[in-house]
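# Kindly return the folded structure for what I paste below:
(chains A, B, C and D)
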Protein chains: 2
Amino acid sequence: MKRSTKQRSVISKVLATAGRPLNPQEVLEAGQHELPGLGIATVYRTLNLLADEHLIKVVDVPGQGSRYYEMANLAQHDHFFCQACHRVFDIAAPSQAQPPPVPEAFTVETTETVYSGRCPNCKAGTA
Amino acid sequence: MKRSTKQRSVISKVLATAGRPLNPQEVLEAGQHELPGLGIATVYRTLNLLADEHLIKVVDVPGQGSRYYEMANLAQHDHFFCQACHRVFDIAAPSQAQPPPVPEAFTVETTETVYSGRCPNCKAGTA
DNA sequence: AGCGGATTGATTCTGCATACTCATCACCAT
DNA sequence: ATGGTGATGAGTATGCAGAATCAATCCGCT
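As a prediction, the model looks like this:
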């Protein structure tokens, strides 16, 4: 990433203003609102570049094929996956300063808690 | 599932004695120790059948393509994913009776906490 | 403004997990 | 023991996320 192009700034802005993790498709659609010609290949490439530079980070959601991306400079938090609309939301993590309940023989590098169910939108819409 | 066949009992036994969640490949390999001719198609079919009958349940691990299966009659617990050997281990959950810190507007159906890092085996073996 | 190289976008390709197909085989009631 | 039917296994097909390709285009420096 040596040049600053319109598509890259748009993709960065989309992620910065989304307020929740987005997958490549969502990034594409949001980006196309500002830059109609934006292509999916560029989205994948740019997300990888931004992730390589640790400007964004990857959120893997169980049971979902595609990955989600969000800004890297966010406080520790959990995620909520809506089974209806397949969107991911940030959930403020409880002040759980306690170490993970994993036997010492294991080396824990990441802890990921994902709640899943229905978001307020889908809860209302679909019984 | 109307008949009880050798392959089905073997697959059930493999899951029951594994002590940790297994993916279809692991089930296949473990099952072939007891039933050399076992085929991957039968593993997938049988896992789906057992899951349909709620005898086993699916464990989705973030960042992993394939799914893991474990016995359904286990106490609530978390999972640990070894990034080196790609095996999943059960981790006794802390006695966190507290409700999830999710806004009330969300309906939580499942809570899944996955730790990832290195299991004792891989920790020792690979620096 | 001009130039060279990086970037883009449409398309194609790949890799993987899992479902399907179908001929053969095994379970189980008789 | 036998027969009918559900189950099996090898191979193939499918669906999808993401990577590779490549000609056309854009960025940034001079």
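# Could you measure from residue A:55 over to DNA strand C?
As judged by CB to the nearest atom of the strand, to the nearest Å, residue A:55 and DNA strand C stand 14 Å apart. Using the backbone N, CA and C atoms, a C-beta is placed for each residue, glycine as well.
# go on, residue A:124?
31 Å.
# From residue A:85, how far off is that residue?
As judged by CB to CB, to the nearest Å, residue A:124 and residue A:85 stand 12 Å apart.
# Show me the residue at the heart of chain A, geometrically.
residue A:21 (2.6 Å; CA atoms, centre = their mean).
# For that one, give me its contacts.
A:59, A:68, A:69, A:70, A:79, A:88, A:90 (CB atoms under 8 Å, 6 or more residues apart in numbering or on different chains).
# State the pLDDT value of it.
Residue A:21 is assigned a pLDDT of 96 by the prediction.
# for chain A, what spans make up the strands?
Counting by DSSP state E, the segments of chain A that form strands are A:56-59, A:68-71, A:77-82, A:88-92, A:107-118.
# Mind putting these into JSON lines with distance to chain B, mean pLDDT and mean neighbour count?
As requested, those are exported to JSON lines (distance: least, CB to the nearest CB, whole Å; pLDDT from 0 to 100; neighbours: other CB atoms under 10 Å in any protein chain shown):
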{"stretch": "strand A:56-59", "distance to chain B": "8", "mean pLDDT": "93", "mean neighbour count": "19"}
{"stretch": "strand A:68-71", "distance to chain B": "10", "mean pLDDT": "96", "mean neighbour count": "22"}
{"stretch": "strand A:77-82", "distance to chain B": "6", "mean pLDDT": "94", "mean neighbour count": "21"}
{"stretch": "strand A:88-92", "distance to chain B": "5", "mean pLDDT": "93", "mean neighbour count": "18"}
{"stretch": "strand A:107-118", "distance to chain B": "4", "mean pLDDT": "92", "mean neighbour count": "19"}
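# Format the ones you listed as JSON lines; extra columns: distance to residue A:37.
JSON lines is the format used below for the strands of chain A (distance: least, CB to CB, whole Å):
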{"stretch": "strand A:56-59", "distance to residue A:37": "22"}
{"stretch": "strand A:68-71", "distance to residue A:37": "21"}
{"stretch": "strand A:77-82", "distance to residue A:37": "30"}
{"stretch": "strand A:88-92", "distance to residue A:37": "27"}
{"stretch": "strand A:107-118", "distance to residue A:37": "34"}
